[in-house]
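K.L.:
Sequence and predicted model, in that order:
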Amino acid sequence: MGRFYTRKKGSLYIYVIGKEELIEPNAFPEELNLFGAESAWRLNNWMAISREVQEEKMDRAERILRMNGFNAKSLEEQVLEEYFRSGDESLIKGRGLASKLRGGLPALLGMEEMLPEPAMMQETGAPSVAKPEKVSLSTEEADLPPERGQTAVQVPRNEAELIRYLLAYVKKKGFTYPEWLVKNYYICLKTKPFVILTGFSGMGKTALTKLMAEALTGSRSDRYLRVAIQPGWLDDEKILGFYNASTERYISTPFLNFLLEASKTPDEPFFVCLDEMNLSRIEHYLSRFLSAMESMDREVTLHPIKNGVETEDGQLIPATIRVPRNLFITGTIDVDKSSPLLSSSFLDCVNLIEFMEADLGERYKEETFENRMALDMETLTRFRRKLRTRAEEEIVKTLFEINQIIKGQGFPISFRVRNEILAYVANSQGIYSQNSAENLRMALDLQIKQRVLTKIGGTETLLPTLERFHGFLEDRFPISAEKTEKMKERLGEAGFTNFSL
């Protein structure tokens, strides 16, 4: 057991042994930039490395470490690098072993010391999928396919590397989504595990759900489920199954089986696509599940038999189940005037991402992509970030001003939407832009469109509000301003407008 740190020529190594917990990167002030967007760093469950740290900042970091129970320890950099790679605690416990390994470490590592690209967010730990080998991608490997035959699941050194890998994966699979859209979808899932993709048929909505799941699970086919929603689903039996009293057996569904499997494996992400989910009214077939997702206990009652009920094939179905936090759900919706409209209460719970245009002039050729990464839930938790007080106050002020414009028409911004917008902007830090002010503006612009404009709709009486809202957005948030302008145009043409038209 122990908590240690080592200073070496502008590099700070922070590490633990035994069951000690590593200090959280956010324990250090942002101005130190030890684990920020413009610094070079790596992190796993037992060690954090920050490079090119100024002596003054190093002194401040050392004081913080001592206050948190970390003790200075003198070890050679090669030994520390090997400990980061292997997690072999004997390297830290005995200096005699360090000298024995000294000559062999360069060959063991098989490479010169690698410095990561500037990181955007907190680093990853080792994924739990199939106990993968701990291998880090270089910058070039993150963007290019590997040598033939390389199949080991690899661990991204930071979220910047993961984003590069995700974008490269999508392109190598032959898809031409705008980069901001792929990033937006990832941030939405990271912020809240229920997202809606809407747009015209054939725009690649369903494909993106599968690509995201493949990229984040090391291409595990058993971690992705597509459920094709059918017209006429009037209750949730097709989703959660039901108890057959005459046979005293439970009739399960692929969705429930997937849910149960996710509950058994809480450290790994599971992805569900509810395809064409508005073919039936969502509140009919998903009401109990949605209610559980928004409740404190996240619990769904399946049947009244306390000790559980078996299915025909012998699977035991419990009386209740909690919606696992490692379950990520995406619904796809084709724009169709005959489909039921989404309710305001449902839209209050989700990010709704539009797929409205395709770049027909751009085409990628699908290539073999044998690199694999996996993102476990502990890593995803490390990637979630918080806003500084000043940025949070700026966002809340903007939302208050928007609320003053739209609440009179019956479209107030709820506390839930406000809090989830703040979480999204926090989780976006460094992903859209290295400039923090521009990143905040871009993220907030997308959230205004995806969380505020989605609930606005009505007849000609709405026009003054839309005009005032457009004036507020025009010079600050161009994405939302463009959508508001389209809604105004639709109102003039048809006498009615909403987000989906």
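P.N.:
Cool, got the structure. Numbers count the residues shown, from 1 in each chain.
K.L.:
mind listing what the residue most central in space within the chain touches?
P.N.:
For the chain, the residue sitting closest to the mean C-alpha position, by C-alpha atoms, centre = their mean, is Lys190 at 2.3 Å. Contact partners of Lys190, counting by C-beta atoms under 8 Å, 6 or more residues apart in numbering, are Leu380, Phe383, Arg384, Asn427. Yep, even glycine has a C-beta here, placed from its N, CA and C like the rest.
K.L.:
What are the contacting residues of stretch 283-293?
P.N.:
Contacts of stretch 283-293 (C-beta under 8 Å, 6+ apart): 194, 229, 233-236, 238-240, 274, 277, 282, 298-301, 322-323, 343, 346, 349.
K.L.:
Any buried residues in stretch 209-222, and which?
P.N.:
Thr209, Lys210, Leu211, Met212, Ala213, Glu214, Ala215, Leu216, Thr217, Gly218, Ser219, Arg220 (16 or more other C-beta atoms under 10 Å).
K.L.:
how far is it from where the chain is centred?
P.N.:
13 Å (C-alpha atoms, centre = their mean, to the nearest Å).
K.L.:
Kindly spell out which helices and strands sit in contact with the host helix or strand of Glu482.
P.N.:
Per DSSP states H and E: Glu482 is located in helix 478-494. Judged by 3 or more C-beta pairs under 8 Å, 6 or more residues apart in numbering; DSSP states H and E, helix 478-494 is in contact with helix 436-447, helix 463-473, strand 496-498.
K.L.:
returning to what we had before: just the buried subset of the contacts of Lys190, please.
P.N.:
Leu380, Phe383, Asn427.
K.L.:
Please produce JSON lines containing these, extended by secondary structure and pLDDT.
P.N.:
Shown next, in JSON lines, are the buried ones among the contacts of Lys190 (DSSP: H, G, I helix; E, B strand; the rest coil; pLDDT from 0 to 100):
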{"residue": "Leu380", "secondary structure": "helix", "pLDDT": "89"}
{"residue": "Phe383", "secondary structure": "helix", "pLDDT": "89"}
{"residue": "Asn427", "secondary structure": "helix", "pLDDT": "96"}
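K.L.:
Among those residues, which one sits closest to Glu161?
P.N.:
Lowest distance from Glu161 to the buried ones among the contacts of Lys190 (C-beta to C-beta) belongs to Phe383, with 11.6 Å.
K.L.:
Give the buried residues for the helix holding Glu482.
P.N.:
Ile479, Ser480, Ala481, Lys483, Thr484, Met487, Lys488, Leu491.
K.L.:
Quick one: name whatever helix or strand follows the helix or strand where Met58 lies.
P.N.:
According to DSSP H and E, Met58 maps onto helix 55-67. Following helix 55-67 in sequence order, the next helix or strand is strand 71-72 (DSSP H and E).
K.L.:
hang on, isn't Val227 packed against Phe271?
P.N.:
No. Counting by C-beta atoms under 8 Å, Val227 stays clear of Phe271, with 11.5 Å between them.
K.L.:
which of those two has more neighbours?
P.N.:
Between Val227 and Phe271, Phe271 has the larger neighbour count (other C-beta atoms under 10 Å), namely 25 against 19.
K.L.:
Quick one: residues contacting that one.
P.N.:
Thr209, Met212, Ala213, Leu216, Thr217, Arg223, Tyr224, Leu225, Phe328, Ile329, Thr330.
K.L.:
again, 6 Å this time
P.N.:
Contact partners of Phe271, counting by C-beta atoms under 6 Å, 6 or more residues apart in numbering, are Ala213, Tyr224, Phe328.
K.L.:
how about the second one, what does it touch?
P.N.:
Spelled out, it's Tyr224. With C-beta under 6 Å, 6+ apart, Tyr224 has these contacts: Ala213, Phe271.
K.L.:
got the phi/psi numbers for it?
P.N.:
Main-chain torsions, Tyr224, degrees, to the nearest 10: phi -130, psi 130.
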